[in-house]
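Q: Turn this into a structure:
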Amino acid sequence: MRLLVLGGSDFAGRAVAEAAVGRGWDVTVLNRGRRAPVPGVRSLIGDRSAPDGLAALAAHAGEDGEWDAVVDTWSAAPRPVRDAARLLRDRAGRYVYVSSCSVYAWAPPAGYTEEAPLVEGADADADATDYARDKRGGELAAAEAFGSDRALLVRSGLILGPYENIGRLPWWLDRIARGGPVLAPGPRDLPLQYVDVRDLAEWTLGAVERELSGPYNLMSPQGHATMGTLLDACVQVTGADAELRWTDPRAVLAAGIEPWTQLPVWVPPGSEAHDALHGADVSRAVATGLRCRPVTETVADTWGWLRDIGGSAPQRADRPPVGLDPEVEAKVLGSGVPGSDLPGPGPGPDRDPDPGHDPSSDRDS
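A: Below is the predicted model:
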């Protein structure tokens with residue numbers, strides 16, 4: 001298989017490139033060249049936000065430059081997706097766009113499928129608008145250029161694992177590694193949905209081999225992990241002297257703590273946000289080969305990667321940092337509010353808090 005990855009140096013794009021090389025595929029990447037490429041790939045340099053950003057691809061046309069598939073993880077304005085897809089529609093068999101479950105109209109109910117209503121106002125020719133419409137515009141651009149039968153739309157949810165450049169799981173690992181009492185937002189058995197970036201990559205390459213097309217919700221089945229199993233794994237792999245203080249969601253919200261951003265991954269049970277971020281129907285992806293590794297493996301490998309790079313995760317410049325201020329945490333833990341595993345009502349964020357794709361994106365493309 002000949003694969004072109006638009007990006008290929010950060011998070012999801014890098015995982016796809018590594019997995020493809022591991023399968024013995026012939027892999028070309030196009031990115032800005034700011035990071036060392038995955039060993040075994042052919043590197044082309046281009047900045048897709050620049051007018052001539054695809055010049056290297058155009059020049060490559062005379063060098064056997066045709067591919068069985070393209071994987072694109074772009075997450076900003078749809079125009080670069082449109083331009084790449086138009087350039088490549090006669091030179092590649094399939095266009096895979098790593099999108100996001102953010103493309104569904106807010107708030108999709110628990111159990112929503114790929115048939116759920118989509119955001120309105122998206123346009124493949126648009127400048128940057130908002131995350132949901134940008135991602136939907138990218139989907140439209142891929143489908144318009146390649147047709148619905150040759151465009152695969154990977155609607156990922158929360159993505160975790162090595163190379164994460166948003167900082168969600170790295171923040172929890174770093175916080176727990178410091179030890180002491182840790183504010184653990186309850187309930188402990190709160191079900192989570194996410195996908196390990198390497199499982200996303202393997203499913204995507206398998207989908208290319210099977211010539212799949214159309215949209216797929218891509219994250220673990222509901223309840224694959226819980227808030228408890230995630231944080232317990234963090235305690236285990238760090239070996240820290242940390243005490244998880246499970247705290248009622250009502251107490252967390254009453255303290256003015258923002259779900260998802262200040263306490264990464266977590267949104268309160270019974271909220272629209274939990275239904276949207278941790279309640280998708282993924283049966284279509286599971287039926288076509290999605291396999292999700294245990295949460296303990298994702299956590300352990302992310303911790304190992306953090307230690308290998310010196311303990312500080314890369315942070316995308318276009319995303320605000322995540323995590324809870326230590327003073328706020330100490331104040332809540334010292335307030336005398338009893339910990340509880342009782343699910344408390346909570347409105348959650350008023351609007352989709354960008355689950356996937358930010359971490360699915362590769363902005364060095």
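
Q: Check the spacing between Thr113 and Ala92 real quick.
A: Between Thr113 and Ala92 the distance is 28 Å, computed by Cβ to Cβ, to the nearest Å. Any C-beta I mention is one placed from the backbone N, CA and C, and that applies to glycine too.

Q: Those two: who's more crowded?
A: Neighbour count, other Cβ atoms under 10 Å: between Thr113 and Ala92, Ala92 has more, with 23 against 14.

Q: residue contacts, the more buried one?
A: Leu4, Glu66, Trp67, Asp68, Ala69, Val70, Phe146 (Cβ atoms under 8 Å, 6 or more residues apart in numbering).

Q: Would you write a PyMOL line that selects the buried entries of these?
A: To isolate in PyMOL the members of those that are buried, counting by 16 or more other Cβ atoms under 10 Å, one can use:
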select buried, resi 4+67+68+69+70+146
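
Q: for the contacts of Ala92, which one is nearest Pro80?
A: Val70 (12.7 Å; Cβ to Cβ).

Q: ok, the helix or strand containing that closest one: who's next to it in the sheet?
A: For Val70, the element it lies in under DSSP states H and E is strand 69-72. Partners of strand 69-72 in the sheet, by DSSP bridges, are strand 2-6 (parallel), strand 95-100 (parallel).

Q: what's the following helix or strand after the last one?
A: If you walk from strand 95-100 toward the C-terminus, the next helix or strand you reach (DSSP H and E) is helix 131-146.

Q: could you give the angle of the helix or strand following that next one to helix 131-146?
A: For helix 131-146, the succeeding helix or strand toward the C-terminus, using DSSP H and E, is strand 151-156. Using axes from the mean of the first three to the mean of the last three Cα atoms, to 10 degrees, the direction of strand 151-156 lies 160 degrees away from that of helix 131-146.

Q: how far out from the middle of the chain is whatever helix or strand comes next after strand 151-156?
A: Counting by DSSP H and E, the next helix or strand C-terminal to strand 151-156 is strand 159-160. Relative to the chain's own centre, strand 159-160 is displaced by 5 Å; criterion: Cα atoms, centre = their mean, to the nearest Å.

Q: Strand 159-160 packs against which elements?
A: Applying 3 or more Cβ pairs under 8 Å, 6 or more residues apart in numbering; DSSP states H and E, one finds that strand 159-160 contacts strand 195-196, helix 197-209, helix 357-360.

Q: mind running it again at 6 Å?
A: Of the remaining helices and strands, none touches strand 159-160 by 3 or more Cβ pairs under 6 Å, 6 or more residues apart in numbering; DSSP states H and E.

Q: Please work out the average pLDDT along it.
A: For strand 159-160, the mean pLDDT works out to 98.

Q: where's the helix or strand just after it relative to the chain centroid, distance-wise?
A: Note on strand 159-160: by DSSP H and E, the next helix or strand toward the C-terminus is helix 168-177. Offset of helix 168-177 from its chain centre (Cα atoms, centre = their mean): 17 Å.

Q: Likewise for stretch 155-170?
A: Going by Cα atoms, centre = their mean, where stretch 155-170 is centred and where its chain is centred differ by 5 Å.

Q: got it, and stretch 315-331?
A: With Cα atoms, centre = their mean, you get 19 Å for stretch 315-331.

Q: repeat for stretch 100-113
A: Counting by Cα atoms, centre = their mean, stretch 100-113 comes out at 15 Å from the chain centroid.

Q: just the angle between the one helix or strand Val81 maps to and strand 2-6, please?
A: Using DSSP H and E, Val81 sits in helix 79-88. On the basis of the same axes, to 10 degrees, helix 79-88 is oriented at 150 degrees to strand 2-6.

Q: average pLDDT for stretch 107-126?
A: Stretch 107-126 shows a mean pLDDT of 97.

Q: And the furthest pair within the contacts of Ala92?
A: Using Cβ to Cβ, the contacts of Ala92 reach their maximum pairwise distance at Glu66 and Phe146, which is 14.1 Å.

Q: Looking at the contacts of Ala92, which one is closest to Thr226?
A: Among the contacts of Ala92, Ala69 lies closest to Thr226 (Cβ to Cβ), at 35.2 Å.

Q: Could you report the pLDDT at the closest residue to Glu202 other than its chain neighbours?
A: Spatially, and ignoring its direct neighbours in sequence, Glu202 is nearest to Ala19 (5.6 Å; Cβ to Cβ, 6 or more residues apart in numbering). As predicted, Ala19 sits at a pLDDT of 98.

Q: which residues sit against the helix or strand where Ala19 lies?
A: Assigned by DSSP H and E, Ala19 falls within helix 11-22. Contact partners of helix 11-22, identified using Cβ atoms under 6 Å, 6 or more residues apart in numbering, comprise 3, 5, 7-8, 27, 29, 38, 40-41, 71, 73, 98, 163, 165, 197-198, 201-202, 205, 359-360, 362.

Q: Pull out the buried residues from that helix.
A: Phe11, Ala12, Gly13, Arg14, Ala15, Val16, Ala17, Glu18, Ala19, Ala20, Val21.
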